[in-house]
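*Asks:* got a predicted structure plus its sequence, pasted below:
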Amino acid sequence: MSLDRDHEAPDARQDDGALPGSSASTKAGSTTAEYSETTADAGAAPANGSAGDAVSVVVATDGPPRGPGADGGPGSVETLLSDLLAGLSKLCDGDFTVRLGSRDGLGGEVSRRFDELAATQERHARELERVSNVIRREGRLTQRMDDLGGRDGWRSVTRSVNSLIDDLARPTHEVGRVIAAVAEGDLSQHMPLEIAGQPVRGEFLRIGTTVNTMVDQLSSFADEVTRVAREVGTEGKLAGQAQVKGVSGVWRDLTDSVNSMAGNLTSQVRGIALVTTAVANGDLSQKITVDAQGEIAELKHTVNTMVDQLSAFADEVTRVAKEVGTEGKLGGQAQVKGVSGVWRDLTDSVNVMAANLTTQVRGIAEMAAAVQRGDLTRQITVDARGEVAALAHTLNTMVDQLSSFADEVTRVAWEVGTEGNLAGQAHVRGVSGVWRDLTESVNSMAGNLT
């Protein structure tokens with residue numbers, strides 16, 4: 001439906017300026033208007049500019065405008081009513097730009113009031129569209145309709161729209177405030193279910209309850225995770241489990257993951273503690289058997305390798321000690337593969353000790369065997385310290401005294417028995433005990449013979 005208005009001066013109009021579907025003729029001193037309406041679909045009132053109803057209003061004036069009945073004829077009233085009907089039709093279709101223009105007399109007052117109504121409706125429609133676009137597109141919930149004047153109903157409409165925006169914005173603002181607090185890690189905020197003394201209802205109540213439940217579950221989840229982390233990681237209290245009631249979906253999965261992590265750590269740490277305690281108690285048969293991955297698996301492998309090396313080291317040291325100290329098998333050496341650091345040093349020390357003992361004992365044995373064979377020229381020459389060095393010195397002194405005693409006894413026996421030199425005496429220095437007694441016995445025998 002369209003409305004064409006023309007209030008141009010008579011000399012600016014042309015005969016062919018009438019709208020399609022309408023006819024208008026102008027004559028000097030006369031005013032003629034023709035209104036035609038075609039309805040494409042009965043009962044339909046399409047929006048501005050759509051196909052359907054077609055309305056054409058042409059007001060042609062030659063000479064000064066006249067009100068209805070100015071020349072005594074009924075045509076002026078018909079013209080006004082036709083224009084008014086066309087304008088009202090446009091208003092009903094939502095075209096608030098329609099205007100009737102200026103007229104004289106009562107028709108002019110009717111036209112002015114109609115135009116004021118259309119202008120007021122247009123201002124309110126544009127203001128409502130502006131506020132709607134700002135809120136909908138820019139998200140500025142602080143926007144409100146301006147008071148465009150008018151009385152009673154117009155101001156009531158403005159207040160109602162602004163109140164509606166307020167009622168929609170407050171819960172939205174509260175939801176945004178709570179979500180922003182959650183994003184910053186503040187789980188103490190909740191959406192109030194009563195705003196400005198009025199309880200929220202409907203969809204806002206459902207949203208508020210859902211948001212508050214979400215915050216409560218997040219808070220409970222955070223508290224439980226923090227508690228378990230503190231107990232397991234800081235206080236060393238193993239076997240702690242998070243207990244979060246009413247959670248489902250990803251929150252339940254997260255809770256289960258935290259509990260699984262705590263359970264795995266408990267099993268792994270207790271397994272390591274069991275093995276290390278067994279090692280401290282001398283039990284090298286224990287191994288870590290719990291399932292592990294990543295660095296825990298590396299730690300498990302390291303501890304088990306340590307136990308294997310300690311066990312091999314202990315076995316080898318025990319074997320060498322048994323062979324050397326109990327079975328008398330000298331020359332034994334500990335063979336511990338893969339050791340390094342202090343374990344290699346310990347292995348080397350045990351082997352050095354066994355080698356030194358072997359050398360020293362074999363040196364003593366060789367000297368004893370020589371003495372047994374009557375060879376008093378042998379001495380213990382191996383390096384030794386401490387008691388072993390004292391033993392070597394004692395044995396060497398013993399051999400020296402035996403050699404001196406043998407030499408003196410041989411000399412006296414040779415002089416007395418062979419050469420006939422009587423009164424010979426054996427002189428053996430530093431002897432005592434049985435060696436001194438033997439020396440004195442030899443000297444006594446020589447004296448008696450003399």
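*Replies:* Thanks, I have the structure now.

*Asks:* low-confidence stretches in the chain?
*Replies:* Low-confidence segments of the chain (pLDDT under 70): 1-75, 150.

*Asks:* for it, longest helix please?
*Replies:* Determined from DSSP state H, the single longest helix within the chain is helix 105-138.

*Asks:* buried sites along that helix?
*Replies:* The neighbour-count check on helix 105-138 (16 or more other C-beta atoms under 10 Å) flags 107-108, 110-111, 114-115, 118, 121-124, 127, 131, 135 as buried. For every residue, glycine as well, the C-beta is placed using N, CA and C.

*Asks:* can you list these in a markdown table and add distance to Ala334?
*Replies:* Below are these laid out as a markdown table (distance: C-beta to C-beta, whole Å):
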| residue | distance to Ala334 |
| --- | --- |
| Gly107 | 129 |
| Gly108 | 127 |
| Val110 | 124 |
| Ser111 | 123 |
| Phe114 | 118 |
| Asp115 | 117 |
| Ala118 | 112 |
| Gln121 | 108 |
| Glu122 | 107 |
| Arg123 | 105 |
| His124 | 103 |
| Glu127 | 99 |
| Val131 | 93 |
| Ile135 | 87 |
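
*Asks:* what's the closest of these to Thr210?
*Replies:* Distance to Thr210, by C-beta to C-beta, is smallest for Ile135 among these, at 23.3 Å.

*Asks:* next one: that closest one from Asp166, what distance?
*Replies:* 12 Å (C-beta to C-beta, to the nearest Å).

*Asks:* now swap in Thr410 and tell me
*Replies:* Taking C-beta to C-beta, one finds Thr410 at 136 Å from Asp166.

*Asks:* please apply the same query to Ile207.
*Replies:* Counting by C-beta to C-beta - Ile207 and Asp166 are separated by 17 Å.

*Asks:* quick one, which of the two is more surrounded?
*Replies:* Ile207 (16 against 13; other C-beta atoms under 10 Å).

*Asks:* residues near Asp95, how many?
*Replies:* For Asp95, using other C-beta under 10 Å, the count is 19.

*Asks:* now it, what's its secondary structure?
*Replies:* coil (DSSP: H, G, I helix; E, B strand; the rest coil).

*Asks:* give me the contacts around stretch 210-217.
*Replies:* Defining contact as C-beta atoms under 8 Å, 6 or more residues apart in numbering, one finds that stretch 210-217 is touched by 175, 178-179, 182, 187, 189-191, 193, 244, 246-247, 251.

*Asks:* ok so, going back, which strands or helices does the longest helix of the chain pack on?
*Replies:* With contacts taken as 3 or more C-beta pairs under 8 Å, 6 or more residues apart in numbering; DSSP states H and E, helix 105-138 sits against helix 75-92, helix 153-183.

*Asks:* winner for burial among these?
*Replies:* Burial of those is given as mean neighbour count (mean count of other C-beta atoms under 10 Å); helix 75-92 ranks first at a mean of 18.

*Asks:* can you name every helix or strand that that helix contacts?
*Replies:* Short answer (3+ C-beta pairs under 8 Å, 6+ apart): helix 75-92 packs on strand 31-32, strand 35-38, strand 54-57, helix 105-138.

*Asks:* export the ones you listed to CSV and tack on distance to Ala384?
*Replies:* As requested, the helices and strands packed on helix 75-92 are arranged in CSV below (distance: least, C-beta to C-beta, whole Å):
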stretch, distance to Ala384
strand 31-32, 149
strand 35-38, 136
strand 54-57, 133
helix 105-138, 99
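
*Asks:* of all those, which one is nearest Arg436?
*Replies:* Of all the helices and strands packed on helix 75-92, helix 105-138 comes closest under C-beta to C-beta, at 125.0 Å.

*Asks:* chain center to that closest one: distance?
*Replies:* Distance, stretch centre to chain centre, for helix 105-138: 57 Å (C-alpha atoms, centre = their mean, to the nearest Å).

*Asks:* next: stretch 389-407.
*Replies:* Using C-alpha atoms, centre = their mean, the offset of stretch 389-407 from its chain centre is 81 Å.

*Asks:* which positions in that stretch come out as buried?
*Replies:* Ala392, Leu395, Val399, Gln401, Leu402, Ser403, Ser404, Phe405.

*Asks:* which of those residues lies closest to Asp383?
*Replies:* Using C-beta to C-beta, the buried residues of stretch 389-407 come closest to Asp383 at Ala392, 9.3 Å.

*Asks:* can you pull the contacts of Thr359?
*Replies:* Thr359 neighbours (C-beta under 8 Å, 6+ apart): Val382.

*Asks:* my guess is Leu265 contacts Glu231. True?
*Replies:* No. Using C-beta atoms under 8 Å as the test, Leu265 is too far from Glu231 to be in contact (11.0 Å).

*Asks:* what is the helix or strand Gly271 falls within packed up against?
*Replies:* Using DSSP states H and E, Gly271 falls within helix 250-280. For helix 250-280, the packing partners by 3+ C-beta pairs under 8 Å, 6+ apart come out as helix 202-229, helix 294-321.

*Asks:* ok, and the closest non-adjacent residue to the residue nearest to the spatial centre of the chain?
*Replies:* Compute the mean C-alpha point of the chain, and by C-alpha atoms, centre = their mean the closest residue is Leu254, 11.4 Å away. Leaving aside its sequence neighbours, Leu254 sits nearest to Phe221 (C-beta to C-beta, 6 or more residues apart in numbering; 6.8 Å).

*Asks:* cool, and Asn259?
*Replies:* With C-beta to C-beta, 6+ apart, the residue lying closest to Asn259 is Gln241, at 4.9 Å.

*Asks:* so which helix or strand takes in the one you found?
*Replies:* Here Gln241 sits in a region with no helix or strand, counting by DSSP H and E.

*Asks:* may I have the phi/psi pair for it?
*Replies:* phi -130, psi 140 (degrees, to the nearest 10).

*Asks:* residue contacts, it?
*Replies:* Counted by C-beta under 8 Å, 6+ apart, Gln241 has contacts Val228, Asn259, Ala262, Gly263.

*Asks:* thought Gly233 was touching the third one, still the case?
*Replies:* Spelled out, that is Ala262. No. Contact between Ala262 and Gly233 fails when scored by C-beta under 8 Å: they sit 9.5 Å apart.

*Asks:* neighbour count winner among those two?
*Replies:* Between Ala262 and Gly233, Ala262 has the larger neighbour count (other C-beta under 10 Å), namely 21 against 12.

*Asks:* please report how far the more buried one lies from Gly208.
*Replies:* In terms of C-beta to C-beta, Ala262 sits 34 Å off from Gly208.

*Asks:* if we can go back for a sec, among the contacts of Gln241, which pair sits farthest apart?
*Replies:* Val228 and Gly263 (10.4 Å).

*Asks:* of those two, who's got more company?
*Replies:* The residue with more neighbours, out of Val228 and Gly263, is Val228; 21 against 15, by other C-beta under 10 Å.

*Asks:* residues in contact with the more buried one?
*Replies:* Gly240, Gln241, Ala242, Val258, Asn259, Ala262.

*Asks:* how many residues are close by the fifth one?
*Replies:* Spelled out, that is Asn259. Neighbours around Asn259, by other C-beta under 10 Å: 18.

*Asks:* sweet, I'm off.
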